[in-house]
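> All I have is the shape, not the residue letters:
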């Protein structure tokens, strides 16, 4: 994997981890006892869901590749633009409700819910020329680290950082979408 592709995969990982990071911050505010185990559990759940998401999206994209090959870059751009704008709006709206501590099926549901964007972004992997398995591993690892750190930060500082993380993630997703258009010669 080239340095450029590695950078793109890492940027994608940070952008996709924004929802999980914000949710982990909220969960950190509810962490009282055993916060170390809680950080690892939340990081692992969110990281696994975020790693599986792009692979699902990529597989669906490959299955439909012959149908959408001529416009795949526009589809990838549109998906990343919508996801980025959604993150921007959520981050700028602020005031997220943290809810109860997530355990068991509630944690699984929260992890899956925060990884829906990763499934959609998986459609863009072929247009970015990224290796799906390596990219998924990077996205999962970045999400694990940021989510575990989010629990600690949330416990220490409250949920004040959640919106800022979503805004940054939104900007990065839109930038990746624009890069896809540049890479496909749309602006030449």
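Now that the structure is in, tell me what you want to look at. Model, not experiment: these values are computed from the prediction. Numbers count the residues shown, from 1 in each chain.
> For residue 177, see how far away residue 144 is.
Noted for residue 144: a distance of 25 Å to residue 177, by C-beta to C-beta, to the nearest Å. Backbone N, C-alpha and C define where each C-beta goes, glycine included.
> any idea of the mean pLDDT in stretch 144-154?
Average pLDDT, stretch 144-154: 90.
> buried sites along stretch 145-161?
146, 147, 148, 149, 150, 151, 152, 153, 154, 155, 159 (16 or more other C-beta atoms under 10 Å).
> which helices and strands does the helix or strand hosting the second one pack with?
Under the criterion DSSP states H and E, the helix or strand holding residue 147 is helix 132-157. Packed against helix 132-157 by the contact rule (3 or more C-beta pairs under 8 Å, 6 or more residues apart in numbering; DSSP states H and E) you find helix 3-30, helix 35-63.
> Now distance to residue 17 too, for the buried residues of stretch 145-161, in TSV please.
Output for the buried residues of stretch 145-161, formatted as TSV (distance: C-beta to C-beta, whole Å):
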residue	distance to residue 17
146	5
147	7
148	11
149	10
150	9
151	13
152	15
153	13
154	14
155	18
159	16
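> List just the nearest of those to residue 110.
Set against residue 110, the nearest of those by C-beta to C-beta is residue 147 (10.5 Å).
> so which of the helices and strands packed on helix 132-157 comes closest to residue 139?
helix 3-30 (4.2 Å).
> and that closest one, what does it pack onto?
helix 35-63, helix 72-93, helix 104-114, helix 116-122, helix 125-128, helix 132-157, helix 162-183.
> Comparing the ones you listed, which comes out most buried?
Burial of these is given as mean neighbour count (mean count of other C-beta atoms under 10 Å); helix 116-122 ranks first at a mean of 25.
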